[in-house]
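**Q** Next comes the sequence, and after it the predicted model I'd like to discuss.
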Amino acid sequence: MGISGLVAAHRLHEAHDITVYEANDYIGGHTHTIEVERDGRVWPVDTGFIVFNERNYVNFIALLDELGVSSHPTTMSFSVRCDTANLEYNGTSLEKLFVQRRNMLRPSFHRMVRDIVRFYRESRELLEGHDDTTTLGEYLNLNGYSREFTDHHIIPMGSAIWS
């Protein structure tokens, strides 16, 4: 049972008897807390949902407030590591972008970075046009985006956003 079912049960429990059935051995949907031991201490780590923002999670924040659950500000960053391609980068600074110094000499890496900049510039204009008939893959092919960009930026970014 995910957050929606848990919230529904929470809201109904004062006026109704609630029984929760769950196929997994834990509740919480795709969120799952595991215990990790480090330096002799055990730390609970949530492996699913870990960030939220005030703009998009108004009701969730209200529920946390009601339950007395605290939260902490965080920064978001995006990094990719692909063992198959022997590639690793992070976009928060030039130093982290070129964490693998050999990427400074890789034409394919420079092409990917150029495509990243171009995509985020052009995608704003595309959104204003509201073209909902072209798939992302078609758009990338039609506009000559590199395979490196697709494989090592767009696919990992989409996987991170919709996981």
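**A** That came in fine, so what should we check first?

**Q** contacts, neighbours, all on C-alpha from now
**A** OK.

**Q** which stretches of the chain have low pLDDT?
**A** 30, 48-50, 162-163 (pLDDT under 70).

**Q** that's a helix at Ile18, yeah?
**A** No. The assignment for Ile18 (DSSP: H, G, I helix; E, B strand; the rest coil) gives coil, which keeps it out of a helix.

**Q** any idea which helix is longest in the chain?
**A** Ranked by number of residues, the top helix in the chain under DSSP state H is helix 107-129.

**Q** from the chain's centre, how far out does that helix sit?
**A** Distance, stretch centre to chain centre, for helix 107-129: 19 Å (Cα atoms, centre = their mean, to the nearest Å).

**Q** Could you identify the helix or strand that succeeds it?
**A** Next helix or strand after helix 107-129 toward the C-terminus (DSSP states H and E): helix 136-142.

**Q** That following helix packs against which elements?
**A** Of the remaining helices and strands, none touches helix 136-142 by 3 or more Cα pairs under 8 Å, 6 or more residues apart in numbering; DSSP states H and E.

**Q** Identify the bridge partners of Val42.
**A** Judged by DSSP bridges, the bridge partners of Val42 are Glu37.

**Q** Ok, Asp46 next?
**A** On the basis of DSSP bridges, Asp46 is bridged to Thr33.

**Q** sorry, back to before: tell me the buried residues in the longest helix of the chain?
**A** For helix 107-129, the neighbour count (16 or more other Cα atoms under 10 Å) marks Phe109, Met112, Val113, Asp115, Ile116, Phe119 as buried.

**Q** One more: stretch 51-65?
**A** Counting neighbours by 16+ other Cα under 10 Å, stretch 51-65 gives Ile61 as buried.
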